[in-house]
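[1] model this:
(one chain, ligands or ions: 1)
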Amino acid sequence: MTQPTAPKTAKLTFGDQEIELPVMVGSEGEVAIDIRQLRAKTGAITYDPGLGNTGACQSKITFLDGEKGVLRYAGYPIEELAKKSSFVEVMWLLLHQQLPSASQLSQFTHDVTYHTMLHEDLKALFQSLPKVGHPMAVCAAAVGALSTFYRKEGPTTREQNWIDAVRLLAKMPTIAAYSYKHSIGQPFMYPRNDLGYASNLLHMMFGNPCEQFEVNPVHAKALDLLLILHADHEQNCSTSTVRTVGSSGANLFASVSAGISALWGPLHGGANQEVIEMLMSIRDGKRSAREFMDLAKTKGSGVRLMGFGHRVYKNYDPRALILKQACYDVLGQLGAKDPLLDIALELEQIALSDSYFIERKLYPNVDFYSGIIYKALGIPVDMFTVFFAIGRMPGWISQWLEYQSDAEARITRPRQVYMGSTTRSYAPADKR
Ligand code: CMC
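    Numbers count the residues shown, from 1 in each chain. Now for the predicted structure:
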């Protein structure tokens, strides 16, 4: 929430003490009370479960205004980037907070489409894992394992971090596709460096060594759009995880591996898989849309309308708006129909006219419509969150790099309000 004229300080009365705390204002008007001296001056800490009121860093990468439904990468509106940019260009934008020149873009495109091969020994890691294992677990393991190939212990330089960043961006599609190929028992497909980023990913997913595979340009373009829309979203759960792990001095691969695990959860990126499973269960007659919505509103039912609601957006998520239109465009271009789209539209319509959702300001988020496009591209349902992770990779890396060069950064170490037993004496087992 922005305030046009913020005071320079905030006064806090605490018992008979009055302290003055500095106020910071961000470039888009976001106001923050700087509480760094709070504990030293009062002995008290703040209490904010879920950290919904806590700014943990200053950042120049992504701005979002949840009340207005605005999302910008380094100042560029997501709607404009979705129309005019490419995922590779957006990667650079996030990493540098500047659009690349033509020669920078050409060099960077070369780098992230040529460092795509995995070390042959890494294949053994995929092969050692159960085929039924979720691909997010496989990808987290493989990304973590990259540090055993590329990272020596000890401090790193900016140059080394940059090389790691490029490696990770280039190799993530290969890791993702290998996790899928392993699950279906097909040979791993080597990357093709003559293809664009999204086309190469589709080639590694759906090609096989026995026949020529032609990437459908409609699929490649739709995938590029999905990746752009997922590329960053400021201090969400997985990004905060990446920053937190990085704050201990852990390397980029280890930090991002933790981010992949955080993204997997159904309240975060895992929601895209849950949405499609919810739509399929309605399509298959397990419950009607109305019955499902009634359950989602019932406390204690354990059911939520997946793909709806957001910690920050109290308005339509602008990415969901773009994806809703993209569903029509992509299905139209492919000459396909999907009854799941009709069910999603029906759920949205019920929700947006229902007082439960209106009062709580619950709107479709990025995960509500993305699955319908993934499905149209033939992406298997349990790979949806992996594709989210491929998209989020430049965001995680940019935020990790920003943390490394932040002079105010400290190891992340929140405090707690202890509510357990006070001191007591130990008794041996036979005396308890
Ligand atoms: N369906 C039904 N009720 C909901 C939903 C939902 N999807 N989302 C929130 N509510 C209710 C919630 O029960 C609570 O009601 P009450 O005030 O009566 O207790 C109120 O709305 C506020 O919810 P909250 O859980 O306190 O909100 P939060 O900011 O902690 O959680 C959220 C945000 C995204 C986890 C939550 O909205 C949710 O679980 N949504 C479904 C999962 C989902 O789509 N996640 C993807 C998020 S966007 C992409 C990403 O992050 O990867």
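[2] Now for the closest residue to the ligand within the stretch 301-432 of the chain, how many residues are close by?
    Per CB to the nearest ligand atom, Gly309 is where the stretch 301-432 of the chain lies closest to the ligand, at 2.3 Å. The C-beta positions use only the backbone N, C-alpha and C, and glycine is treated the same way. Per other CB atoms under 10 Å, the neighbour tally for Gly309 reads 20.
[3] unless I'm mixing things up, it is touching Asn365, no?
    Yes: using CB atoms under 8 Å, Gly309 makes contact with Asn365 at a distance of 6.8 Å.
[4] about what we covered before: quickly note the distance from the residue of the stretch 301-432 of the chain closest to the ligand to Pro364.
    Per CB to CB, to the nearest Å, Gly309 is found 9 Å from Pro364.
[5] Ala376: how many residues sit nearby?
    Neighbours of Ala376 (other CB under 10 Å): 22.
[6] what does Gly43 give?
    10.
[7] Which residue, neighbours along the chain excluded, lies closest to Ser301?
    Leu295 (4.7 Å; CB to CB, 6 or more residues apart in numbering).
[8] can you tell me the helix or strand for the one you found?
    helix 289-297 (DSSP states H and E).
[9] Quick one: check that helix for contact with the ligand.
    Yes: with CB under 6 Å from any ligand atom as the criterion, the ligand is reached by helix 289-297 at Ala296.
[10] where's that helix relative to the chain centroid, distance-wise?
    From the chain centre to the centre of helix 289-297 is a distance of 27 Å (CA atoms, centre = their mean, to the nearest Å).
[11] do stretch 173-192 as well
    For stretch 173-192 - counting by CA atoms, centre = their mean - the centre lies 22 Å from the chain centre.
[12] again, but for stretch 370-390
    The answer for stretch 370-390 is 14 Å, by CA atoms, centre = their mean.
[13] Would you indicate which residues of it are buried?
    370-377, 379, 381-390 (16 or more other CB atoms under 10 Å).
[14] Got phi/psi on the closest residue to the ligand within the stretch 101-250 of the chain?
    With CB to the nearest ligand atom as the measure, Asn236 is the residue of the stretch 101-250 of the chain nearest to the ligand, at 5.3 Å. Backbone torsions for Asn236, taken as degrees, to the nearest 10, come to phi -70, psi 180.
[15] His268 is in contact with that one, correct?
    Yes: counting by CB under 8 Å, Asn236 touches His268, with 7.0 Å between them.
[16] Looking only at neighbour counts, state which of those two leads.
    Neighbours were counted for Asn236 and for His268 using other CB under 10 Å; Asn236 has more, 23 against 17.
[17] What confidence value was assigned to the more buried one?
    We have a pLDDT of 98 for Asn236.
[18] quick one: contacts for it?
    Residues in contact with Asn236 (CB atoms under 8 Å, 6 or more residues apart in numbering) are His268.
[19] For the closest residue to Ala336 other than its chain neighbours, give me its contacts.
    Of all residues not flanking Ala336 in the chain, Ala376 sits nearest, at 5.8 Å (CB to CB, 6+ apart). Contacts for Ala376 (CB under 8 Å, 6+ apart) come out as Ala222, Cys327, Val330, Leu331, Leu334, Ala336, Asp338.
[20] Report the closest residue of the stretch 1-150 of the chain relative to the ligand.
    Closest residue of the stretch 1-150 of the chain to the ligand, CB to the nearest ligand atom: Gly50 (5.8 Å).
[21] which residues in the stretch 51-200 of the chain form helices?
    Under the criterion DSSP state H, counting those that start in this stretch, helices of the stretch 51-200 of the chain are mapped to 78-84, 87-96, 102-114, 123-128, 135-150, 158-184, 197-206.
[22] can I get the ones you listed in JSON lines with mean pLDDT?
    Formatted as JSON lines, the helices of the stretch 51-200 of the chain follow (pLDDT from 0 to 100):
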{"stretch": "helix 78-84", "mean pLDDT": "98"}
{"stretch": "helix 87-96", "mean pLDDT": "98"}
{"stretch": "helix 102-114", "mean pLDDT": "96"}
{"stretch": "helix 123-128", "mean pLDDT": "96"}
{"stretch": "helix 135-150", "mean pLDDT": "96"}
{"stretch": "helix 158-184", "mean pLDDT": "96"}
{"stretch": "helix 197-206", "mean pLDDT": "98"}
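[23] could you dump the ones you listed to JSON lines with mean neighbour count and distance to the ligand?
    Below are these laid out as JSON lines (neighbours: other CB atoms under 10 Å; distance: least, CB to the nearest ligand atom, whole Å):
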{"stretch": "helix 78-84", "mean neighbour count": "16", "distance to the ligand": "14"}
{"stretch": "helix 87-96", "mean neighbour count": "23", "distance to the ligand": "17"}
{"stretch": "helix 102-114", "mean neighbour count": "14", "distance to the ligand": "24"}
{"stretch": "helix 123-128", "mean neighbour count": "14", "distance to the ligand": "25"}
{"stretch": "helix 135-150", "mean neighbour count": "21", "distance to the ligand": "13"}
{"stretch": "helix 158-184", "mean neighbour count": "20", "distance to the ligand": "17"}
{"stretch": "helix 197-206", "mean neighbour count": "23", "distance to the ligand": "20"}
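[24] Assign a three-state SS to Ala336, would you?
    Here Ala336 is coil, with the state taken from DSSP: H, G, I helix; E, B strand; the rest coil.
[25] That one: neighbour count?
    11.
[26] And for Ala32?
    The burial count for Ala32: 16, using other CB under 10 Å.
[27] what helix or strand is Met24 on?
    Using DSSP H and E, Met24 falls in strand 17-25.
[28] now what about that strand, what contacts it?
    So strand 17-25 is contacted by 6-12, 31-35, 37-38, 41-42 (CB under 8 Å, 6+ apart).
[29] so what strands line up beside that strand?
    Paired neighbours of strand 17-25 in the sheet (DSSP bridges): strand 9-14 (antiparallel), strand 31-33 (antiparallel).
[30] from the chain's centre, how far out does that strand sit?
    For strand 17-25, the distance to the chain centre is 33 Å (CA atoms, centre = their mean).
[31] Stretch 76-84 too?
    18 Å.
[32] again, but for stretch 149-167
    With CA atoms, centre = their mean, you get 22 Å for stretch 149-167.
[33] How about the contacts made by the residue of the stretch 151-300 of the chain found nearest the ligand?
    Residue nearest to the ligand within the stretch 151-300 of the chain: Ala271 (3.5 Å; CB to the nearest ligand atom). Each residue near Ala271 by CB under 8 Å, 6+ apart is listed here: Met306, Gly307, Asn365, Asp367.
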